[in-house]
Structure formats: C-alpha cells, structure tokens
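> Curious how this folds, go ahead:
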Amino acid sequence: MNDGESPAFSWLCPGCGRRVPRKLSVCRCGQVKADGPDSLPVENPEVASGGQTHRFLMFAGLIGILAGGTFGLFWMNTRPAPAAISAVAPPPKIVASPNVTVPEPVAPDEPPVLSPAERVAAAAEEGKRLAAQRLENDSASLEDIIARVMPAVVRVETPTGSGTGFFVRPDTILTNVHVVTDNLSVTVRRANGRTLSARVESTTPEWDIAVLRVAAAADQPTVVLGSGLRARAGQEVIALGSPLGLQNTVTRGIVSALRQVGEVTIVQTDAAINPGNSGGPLVDRSGKVIGITTMGVRSAVAQGLSFAIAIDHAVDLLQGRRPPRGTATPISSFNDAMSATGSNDVDVNRERATQRFTAIVAQLARQADALDGSWRSFTQSCYDGRISGSFDHEWFALWEPHAMDGAVSPNCTTYLAEIRRSAEGIHAALVAADEAARRADVYPGARREALRRGRLDYPGWSR
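Next comes the predicted model:
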C-alpha cells in the first residue's frame with residue numbers, strides 16, 4: 001500500500017469506494033467527505049438505503065436457504081417410507097448390424113368375420129365336439145349315454161317277427177341276419193314312433209350281420225363304433241333294443257368274457273337279452289358300440305348268459321371286407337348249440353308256439369287286407385249311411401252294435417252275407433290261434449305285438 005492509499009492520508013468514498021486524498025473534500029463521483037471516522041456516510045439517503053437493502057436481501061436469502069435445508073432434512077427423516085415399486089427395465093434397444101435387416105413387427109391375424117348363419121353352424125359343431133369329448137370321459141352319467149345313443153336305435157319289423165337295429169350312418173342300419181331272414185325289405189320304426197321302409201342290402205350269415213339301407217335324413221342321429229376285440233372282462237355294458245316288442249328298452253350288465261367261435265369274436269355278457277333285442281347295440285360306458293346283440297340263453301339252469309357279435313366284424317363289412325367264400329357259419333351253429341344246451345322243454349315249446357302264432361297272424365292279415373277291397377265296393381254301391389267308429393279295418397264295424405245306422409240296398413244282401421262270412425272266418429281263426437298260443441304259454445306281449453303288426457289288434461274279438 002502507498003501513501004495515497006493509507007487511511008492517514010486518504011478517506012474512503014462511500015459512493016464509489018475510491019480512496020480520496022484528505023486534502024480533497026469532494027470525490028470525483030460528487031460525494032462529499034463526511035466528518036468523523038472513516039465510515040459510510042449518510043448524507044446521500046438514496047445511496048445509503050440502497051446499500052442497506054442489498055445487504056438485507058443477501059442476509060434474508062441466506063436465512064431462507066438455511067431454513068429450507070433444515071426443513072427438508074426434517075421432512076425426509078419423518079415422512080413414511082414409500083411402498084416398494086418394482087422397477088421395470090425398459091426393453092433393450094435393438095441396434096441393427098449394417099449387414100442385418102431387422103424385420104418389421106407383424107400384426108396378429110384378425111379373426112374372420114362370420115355371418116349369423118356361420119356362427120350358428122360353428123356353435124353347433126362345437127357342441128357336437130364337446131358332446132363327443134364328454135362321451136369319451138368314463139365319468140359321463142349313464143343317463144347322458146343312453147340319451148345320446150337311443151335316438152339311433154330302431155325297431156326292425158318283418159311279416160314274421162321283429163328285432164332291433166341301429167344307425168351307423170344316416171342311410172345305413174345294422175342288425176342280425178336272423179332278424180330280417182329272407183326278406184328283401186323291412187319296416188323300420190324309429191324311437192319317436194315314425195316308420196320308414198328299409199332295403200336289405202346285404203346279409204352275412206357267417207357273422208349274423210345284415211346291412212339295411214334307407215333314404216338318408218340329415219337329422220338322423222348315429223352311433224359311434226368302438227371295438228369288441230378290446231373289451232375287458234368286468235367292464236360295464238348297456239344293451240338297447242325292443243325285447244318282446246317293448247321299444248326303447250335298456251338293460252345293463254358287464255362283459256363276462258370274450259369267446260372265439262372259429263374266426264368270429266363274441267362278447268359274452270350278463271345284460272338281460274330277450275327276444276326282440278337281437279340286432280341291437282351293446283355299448284360301453286363311453287357310449288361306443290362294442291357288439292351287435294345276437295342271442296340270449298333262457299333256461300332254469302342258465303341265467304345271465306347272453307352274446308353279441310364283436311362290432312369289429314361289422315366295421316370290416318362296411319369297409320368292403322367280407323369273410324372268405326365257403327366259410328362255415330359258426331354263428332348259426334353256435335346259436336343252435338347254445339339254444340339246445342341252454343333251453344329247457346318249456347322254453348323250446350314257447351318259442352315254437354310264438355313262431356307258429358306269428359305265422360298264422362301274418363296269413364290272416366293278408367286275408368284281412370284283401371277283404372278291405374270288397375268292403376269298399378259294398379259301402380260305395382250298396383250302403384246308404386255312415387259308419388261310426390275308427391278301426392284298423394272298417395269292416396270291424398260288423399261286430400259293433402250301433403256302428404252302422406244306414407240302410408243296405410235289397411239287391412246287396414247276398415253280397416253283405418259273403419263279406420260277413422269271410423270276416424267271421426278271420427275272426428274265428430284268430431280266436432283259435434290266440435287260445436292255442438295262450439295255452440302254449442306264449443307271452444301276452446308277444447301275442448299283442450303280432451296282432452298289432454297285422455292290424456288285427458281289435459278288442460271285439462273277445463265278444
């Protein structure tokens with residue numbers, strides 16, 4: 001410091017901060033030297049207040065910073081800890097190599113837009129798929145299985161008897177050869193009672209399997225074919241059919257054994273099989289057909305002894321594979337042998353009497369149909385009035401006291417007498433045949449069924 005800057009020789013200008021020699025009383029900035037110690041003067045109020053304000057703001061700012069820091073530390077130490085948040089790392093950025101082309105992302109295919117009809121069809125298909133899947137499950141209820149299979153089971157009617165069959169395709173029915181015998185066509189009665197005509201397309205006596213053809217119906221339920229060769233002793237089975245003419249009948253049992261008769265596999269079961277069950281399906285607990293019911297042995301010494309042809313042989317037929325020519329008929333021999341050893345005299349006589357009664361009824365039914373033509377000629381030419389009542393054959397009115405209230409032409413009395421004589425002959429023959437069948441212990445249901453098929457089931461026969 002030189003002499004000019006020493007406080008002894010200068011004073012500090014409060015306005016500009018320069019050192020001014022003591023010999024000068026006014027600074028170059030115009031500030032006048034104050035008397036007293038070398039301190040900031042107050043002669044210039046604006047300058048003095050500005051300096052004080054500046055110092056005050058600096059001091060207040062410092063206090064604010066200190067207070068804010070203190071409050072921040074206090075808040076950080078006292079606030080509750082935040083919940084843990086799982087950090088999700090952003091996907092790594094893919095950097096393409098100069099020699100590699102990064103493909104553009106492909107948007108997923110949009111589902112096709114279906115029309116209402118297509119949606120209904122898709123839902124129906126899904127329902128069928130789920131139903132089939134449910135049937136595959138052994139835990140499906142017995143009622144569900146029967147409800148699924150029963151609409152595909154039919155009654156097969158011929159002029160001499162009846163049996164059972166089942167649809168494997170909308171136009172194809174399987175049954176036994178001994179059900180259709182030598183008929184070229186048969187009547188098929190569905191579970192709902194509707195009937196249709198079926199053509200006997202083929203018969204295979206070696207396996208006792210007959211194939212029937214009908215006009216295909218789109219809504220006709222069919223069965224699912226399984227395998228009798230894979231059946232196991234003890235597994236549960238269900239037989240469906242029309243025993244003694246009682247359509248839509250269900251019996252249950254187990255597989256007793258698998259038998260081999262020549263080249264034919266037979267499923268033995270203890271499920272109740274009666275006349276009329278022949279040709280029906282034997283199904284397992286998944287609803288699949290494993291056999292075609294062929295016979296049941298009924299006697300005092302053989303109980304629960306029934307047989308079904310393994311369905312595998314029917315599958316061979318449907319696929320065009322037949323037994324070699326010249327093959328013996330082991331099934332017929334087996335049926336005859338089992339019937340001979342398993343039936344007592346009462347059973348044999350009853351069966352023969354049933355067949356005899358059925359044949360008589362079929363013959364009388366043809367006579368009754370022929371008499372219908374004569375009766376129509378009589379009512380059109382010789383009778384003036386109405387006939388009260390509803391009958392399978394209108395000439396049954398001859399035995400109804402008040403059915404004919406009209407007048408008969410005098411020229412037709414002889415013609416009416418001939419018609420009455422023919423009707424009385426049919427009446428007498430039926431009464432005699434029914435009485436003989438009753439004495440031979442033919443089941444009442446079998447007798448009624450034979451009369452119903454011949455359209456001769458009339459209560460007036462007993463008058």
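> Going by C-alpha atoms from here, please, whenever you check contacts or count neighbours.
OK.
> So, low pLDDT: which residues of the stretch 201-350 of the chain?
Low-confidence segments of the stretch 201-350 of the chain, defined by pLDDT under 70, are located at 296-304, 325-348.
> ranges for the strands of it?
Using DSSP state E, counting those that start in this stretch, the strands of the stretch 201-350 of the chain run over 209-213, 224-225, 236-241, 249-261, 264-269, 281-284, 288-297, 305-310.
> Touching the last one from outside, list them.
Identification of contacts with strand 305-310 by CA atoms under 8 Å, 6 or more residues apart in numbering yields 207-208, 227-229, 264-273, 282, 290-298.
> Separate out the buried members of those.
Neighbour counting with 16 or more other CA atoms under 10 Å marks 207-208, 227-229, 264-273, 282, 290-298 as buried within the contacts of strand 305-310.
> any residues touching stretch 169-180, and which ones?
Counting by CA under 8 Å, 6+ apart, 156, 158, 161-168, 186, 200, 203-205, 208-223, 278-280, 292, 294, 314 sit against stretch 169-180.
> longest helix in this structure, by residue count?
Secondary structure of the chain per DSSP state H: the longest helix is helix 345-381.
> Report the next helix or strand after that helix in sequence order.
strand 383-384 (DSSP states H and E).
> got the domain boundaries for the chain?
What automatic domain parsing lists as the domains of the chain is 1-71, 142-343, 346-462.
> Tell me how many other residues crowd residue 459.
Here the number of neighbours of residue 459 (other CA atoms under 10 Å) works out to 8.
> thought residue 293 was touching residue 283?
No: with contact defined as CA atoms under 8 Å, residue 293 does not reach residue 283; the gap is 10.0 Å.
> which neighbours do these two share?
residue 239.
> Name the helix or strand for residue 426, please.
With DSSP H and E as the test, residue 426 turns up in helix 413-439.
> Counting neighbours, which bits of that helix end up buried?
416, 419-420, 423, 426-427, 430, 433-434, 437-438.
> what does stretch 371-378 give?
Here stretch 371-378 shows 371, 375, 378 as buried, counting by 16+ other CA under 10 Å.
> same deal with stretch 450-460?
Using 16+ other CA under 10 Å as the test for burial, stretch 450-460 gives 450-451, 453-457.
> Between these, which sits nearest residue 412?
Closest to residue 412 out of the buried residues of stretch 450-460 is residue 456 (26.4 Å), distances taken as CA to CA.
> Quick check: the closest one touching residue 365?
Yes: contact status for residue 456 versus residue 365: in contact at 6.9 Å, counting by CA under 8 Å.
> For the stretch 51-200 of the chain, give me the ranges with low pLDDT.
51-139.
> Determine the set of other helices and strands touching the longest helix of the chain.
helix 413-439, helix 444-453 (3 or more CA pairs under 8 Å, 6 or more residues apart in numbering; DSSP states H and E).
> by how many degrees do that helix and helix 444-453 diverge?
30 degrees (axes from the mean of the first three to the mean of the last three CA atoms, to 10 degrees).
> For helix 345-381, buried residues please.
Buried, per 16+ other CA under 10 Å, within helix 345-381: 347-348, 350-351, 353-355, 357-362, 364-365, 368, 371, 375, 378-379.
> Tell me the bridge partners for residue 163.
residue 156 (DSSP bridges).
> these two touch, right, it and residue 274?
No: with contact taken as CA under 8 Å, residue 163 and residue 274 are classed as non-touching, separated by 10.0 Å.
> Mind listing the shared neighbours of the two?
Joint contacts of residue 163 and residue 274 (CA under 8 Å, 6+ apart) are residue 243.
> Just want to know which of those two has more residues nearby.
residue 163 (27 against 19).
> Residue 402: which element?
With DSSP H and E as the test, residue 402 turns up in no helix or strand.
> pLDDT score assigned to the closest residue to it other than its chain neighbours?
Excluding the flanking residues, the one nearest residue 402 by CA to CA, 6 or more residues apart in numbering is residue 388, at 7.6 Å. What the model reports for residue 388 is a pLDDT of 83.
> How about residue 362?
For residue 362, the pLDDT comes out at 90.
> so it makes contact with residue 161?
No: Residue 362 sits out of contact with residue 161 when judged by CA under 8 Å, with a separation of 9.5 Å.
> hey, what's in contact with both of those two?
Shared contacts of residue 362 and residue 161 (CA under 8 Å, 6+ apart): residue 450.
> Columns distance to residue 256 on top of the buried residues of stretch 371-378, output as CSV?
Shown next, in CSV, are these (distance: CA to CA, whole Å):
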residue, distance to residue 256
371, 52
375, 56
378, 61
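> mind putting those residues in CSV, pLDDT and distance to residue 9 included?
Formatted as CSV, the buried residues of stretch 371-378 follow (pLDDT from 0 to 100; distance: CA to CA, whole Å):
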residue, pLDDT, distance to residue 9
371, 91, 168
375, 90, 168
378, 88, 171
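> Identify, from those residues, the entry nearest to residue 249.
Residue 249 lies nearest to residue 371 out of the buried residues of stretch 371-378, by CA to CA, at 35.9 Å.
> How much space separates the closest one from residue 209?
Using CA to CA, to the nearest Å, we find residue 371 at a distance of 37 Å from residue 209.
> next one: residue 349
Per CA to CA, residue 349 is found 27 Å from residue 209.
> returning to that earlier point: mind telling me which of the helices and strands packed on helix 345-381 the model trusts least?
helix 444-453 (a mean of 85).
> and the angle for that helix with helix 413-439?
Using the same axes, to 10 degrees: helix 444-453 against helix 413-439 is 150 degrees.
> Need the CA coordinates for helix 444-453. PDB is fine.
The C-alpha trace of helix 444-453 is given here as PDB (Å, rounded to 0.1, in the frame of the first residue of the first chain):
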ATOM      1  CA  PRO A 444     -99.200-111.900 -23.900                       C
ATOM      2  CA  GLY A 445     -96.900-109.100 -25.100                       C
ATOM      3  CA  ALA A 446     -95.700-111.200 -28.000                       C
ATOM      4  CA  ARG A 447     -99.300-112.100 -28.900                       C
ATOM      5  CA  ARG A 448    -100.400-108.500 -28.900                       C
ATOM      6  CA  GLU A 449     -97.400-107.400 -30.900                       C
ATOM      7  CA  ALA A 450     -98.100-109.900 -33.600                       C
ATOM      8  CA  LEU A 451    -101.700-108.700 -33.800                       C
ATOM      9  CA  ARG A 452    -100.700-105.100 -33.900                       C
ATOM     10  CA  ARG A 453     -98.200-105.700 -36.800                       C
END
